[in-house]
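Novice: coordinates only, sequence not included:
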């Protein structure tokens, strides 16, 4: 789909139309938005619509005095587009496209499924090549749905990139696709001044503006850099949208951390699997360990049965630890009623702990391509399996965040993480083949142990925080307490297991030495204390423990002066004691 806003573009619209009609891959529909033109633009547009059945003309009332009336006209035209499209192009009425523009851009999108916004570049125009040009910008539909454009239109071509990046999408301008901008460019100093005012209007951090002005200094000269800073200091163009300001600053912090290599959780774009019409969907095994869960089991089974994923491509594996409240009988009734609807329903009853129960599920997956662990107190949504399989394109272990009904957890983003729980987690078969079974010697922490082993083999883990599932019971399965009643022993064994894996060993040692440092530093000398704190701060940053490193650095600024002050006061007291004659001497 192509949308072109046009206000008094009579001279250039035919040139643009010739380049669109000459495309090697024609658009499905081209909507020309006449933005209350006072010349012959509307007549030209109507003639173009008469010449091609896929060209459509709509009218929009031009807003005089608006900063970017062109964007508002484009947004109006985009709202006229139906739901059946994959890519949307904003094409200005003063831009001539190369003959293969659309075909090559779509090829870029198909080559990189994380690409959300892209464009070509304009001949003879300097600028940041990674910044998609606003006059020939293409959007992926999934990315378009995540963008919140500013109501006043100010900075729309920056805001859409920010929201795209915050939702895990990439943006780019490809230098091998060159367009021709028929309208002359504004003087660079004036353009930079206007860009500076936009930065202030969107709530840019001052340090980010300073860094950008330095970059402009080397790329465009001192005049453009000064103009940009002057525009920023001139103040915002109107009331600042705090919601956009929050998104802008979040994006800027993330960009700085990614530049420094300190970003721990890259974002992942959302993806939902669509079942195939021919029924050749991947087989998914659903493993559910349970013990005395009759209170919530019927609700969970009902929700599982309502999942949209084809039931004939689902194998259900229930492992019961000899429940005494009728849980196993409920599973038998469910299997008796729906056995013919699923690929297979397997019931296992064995007195064991949670990791051993998960291993029983693994041994019975057959030829399933995926294994979904679903706890008997987590309520799945209808599209949970489709969503997890879609995300499995970007990672090997995928989970969805869940929370109890009495605890409000804000929805976040889809990120790569270090470890996850197994309450609602999908694992690829190749991971199970290489990583193997859960460690049945661990009464708790078996999920953390499994994730750490998988990560050591190079597999990635994704957590979806956007689709919150309902956790009906916050309590841990009671089976582990029956097998291992000593709580302190359980956690000591988990700690020892994590240390032997070598993943957290260095961090644990640093934390322990940090405690010793604080004690020794305060007892011996403040400079010794400050030096060790600085060393450990650097080490923690290298281990990507940014929050703790910043906490230590802040404490250093407070504790070191206090320690020095205490040392000075001690010396003063000692000197005073020496100068004051004792009672024995006076006698």
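Specialist: Noted; the coordinates are in hand. What you are looking at is a predicted structure, and each value in this text was computed from that prediction instead of being measured. Numbers count the residues shown, from 1 in each chain.
Novice: any idea whether residue 90 is helix, strand or coil?
Specialist: Here residue 90 is recorded as strand under DSSP: H, G, I helix; E, B strand; the rest coil.
Novice: typo on my end, it should be residue 433
Specialist: Assignment for residue 433 (three-state DSSP): helix.
Novice: What separation is there between it and residue 362?
Specialist: Computed as Cβ to Cβ, to the nearest Å, the residue 433 to residue 362 distance reads 10 Å. In short, each C-beta sits where N, CA and C put it, glycine included.
Novice: Mind checking which of the two has more residues around it?
Specialist: When residue 433 and residue 362 are compared on other Cβ atoms under 10 Å, the one with more neighbours turns out to be residue 362, at 18 against 8.
Novice: tell me which element that one falls in.
Specialist: Using DSSP states H and E, the element containing residue 362 is helix 354-363.
Novice: That helix - contacts with which helices or strands?
Specialist: When contacts are defined as 3 or more Cβ pairs under 8 Å, 6 or more residues apart in numbering; DSSP states H and E, helix 354-363 packs onto strand 284-290, strand 314-320, strand 370-374, helix 446-456, helix 479-483.
Novice: Please convert these to a markdown table, extending it with distance to residue 124, mean neighbour count and mean pLDDT.
Specialist: Shown next, in a markdown table, are the helices and strands packed on helix 354-363 (distance: least, Cβ to Cβ, whole Å; neighbours: other Cβ atoms under 10 Å; pLDDT from 0 to 100):
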| stretch | distance to residue 124 | mean neighbour count | mean pLDDT |
| --- | --- | --- | --- |
| strand 284-290 | 54 | 25 | 94 |
| strand 314-320 | 58 | 25 | 94 |
| strand 370-374 | 52 | 25 | 94 |
| helix 446-456 | 48 | 21 | 85 |
| helix 479-483 | 69 | 17 | 37 |
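Novice: Tell me which of the ones you listed lies nearest to residue 303.
Specialist: Distance to residue 303, taken as Cβ to Cβ, is lowest for strand 370-374 among the helices and strands packed on helix 354-363, at 9.7 Å.
Novice: Can you list the strands that the closest one pairs with?
Specialist: strand 284-290 (parallel), strand 424-428 (antiparallel) (DSSP bridges).
Novice: All the strands of the stretch 301-450 of the chain, in order from the start?
Specialist: Assigned by DSSP state E, counting those that start in this stretch, the strands in the stretch 301-450 of the chain fall at 314-320, 344-349, 370-374, 378-379, 397-403, 414-417, 424-428.
Novice: picking up where we left off before, ok, which of the helices and strands packed on helix 354-363 comes nearest residue 24?
Specialist: Comparing those by Cβ to Cβ, strand 370-374 comes nearest, at 39.3 Å.
Novice: what does that closest one rub up against?
Specialist: 282-288, 300, 304, 358, 361-362, 365, 380, 385, 388-389, 392, 422-429, 432 (Cβ atoms under 8 Å, 6 or more residues apart in numbering).
Novice: Isn't residue 414 up against residue 462?
Specialist: Yes: using Cβ atoms under 8 Å, residue 414 and residue 462 qualify as a contacting pair, with a distance of 6.5 Å.
Novice: what about residue 200, distance to residue 245?
Specialist: Following Cβ to Cβ, the distance that separates residue 200 from residue 245 is 11 Å.
Novice: Next: residue 87.
Specialist: 30 Å.
Novice: Looking at the two, which is more packed in?
Specialist: residue 87 (18 against 15).
Novice: Could you report the pLDDT at the closest residue to the more buried one other than its chain neighbours?
Specialist: Leaving aside its sequence neighbours, residue 87 sits nearest to residue 138 (Cβ to Cβ, 6 or more residues apart in numbering; 5.6 Å). Residue 138 is assigned 93 on the pLDDT scale.
Novice: Surely residue 138 is in a strand?
Specialist: Yes: judged by three-state DSSP, residue 138 forms part of a strand.
Novice: could you measure residue 317 against residue 358, distance?
Specialist: Applying Cβ to Cβ to residue 317 and residue 358 gives a distance of 10 Å.
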